[in-house]
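> okay, sequence plus prediction incoming.
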Amino acid sequence: MSVNPMAYEAQFFGFTPQTCMLRVYIAFQDYLFEMMLVVESVILKKLVGFPDCKISPFQIRKSTEKFLLFMKDHFDKLFSKMEEVLLQLVLNIPENVLLPEDKVQEQYPYSKEQFQALQDEIRQLQQQYKAEASAGQALRAELEEQKAVQAELEKILQWFDGLENICREHGTGNFKESFAFLTQNSKKLQDVLKEVEEKSKKIKKHGQLL
């Protein structure tokens, strides 16, 4: 069998020429074996009509095997010549023939060095794309964080606006005055809270005594 991979022929036919020849060889060989078995069975049937014949079935089997080896040896020699002719003249694509799907290579030919350079450029672009995608993801995360901070700042500004409106309603337009006003009211609230807690404790003690 030929050792040439014949990859271009495999691309065109959908199978390697060597595989085709191997299947043909196996088919011929199987047919040869079957024919020898048929010949042997015919000879054995003919011997039944000659009871005085001294040839045994074992001798016929030996003779059949020898004849089969003889035929197989000649068949292998003939098949080798047939394979060589078929691989060269029938299942071979000439070097000057270009398949339709490879026409683009004729229009845009590349040397091995150019192809390698193109592959390196593709890998570089892929790495650059991954780096940019990672950076973009980080920027989007940072943007979301900034949006959250901005929302909190807007809440604080709204709180200050509300505080300023309350202070104006109570006649304090200055921030220092407003802060002092809030501090004073806060102290009042704390005093009221303490007073309520003390009264609550007294009520609980009174309830326990009862």
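Structure's in. What do you need? Bear in mind that the values here come from a model prediction, so they are computed numbers and not experimental data.
> without its sequence neighbours, what residue ends up closest to M6?
Closest residue in space to M6, ignoring its immediate chain neighbours: P17 at 5.2 Å, by Cβ to Cβ, 6 or more residues apart in numbering. Placement of C-beta: from N, CA and C, glycine included.
> separation between that neighbour and Y31?
Look at P17 and Y31: by Cβ to Cβ, to the nearest Å, they are 21 Å apart.
> who has more neighbours, the two?
More crowded of P17 and Y31, by other Cβ atoms under 10 Å: P17, with 21 against 10.
> next one: phi and psi at the more buried one?
Backbone geometry at P17, expressed as degrees, to the nearest 10, gives phi -60, psi -30.
> which residues sit in contact with it?
Contact partners of P17, counting by Cβ atoms under 8 Å, 6 or more residues apart in numbering, are 2, 6, 9-10, 86-87, 91-92.
> of the residues you listed, which is the most crowded?
L91 (21 neighbours).
> so which residues of the chain form strands?
In the chain, no strands are found when defined by DSSP state E.
> next one, pLDDT for the most centrally placed residue in it please.
Centroid-nearest residue in the chain: Q126, 16.6 Å away (criterion: Cα atoms, centre = their mean). On pLDDT, Q126 comes in at 93.
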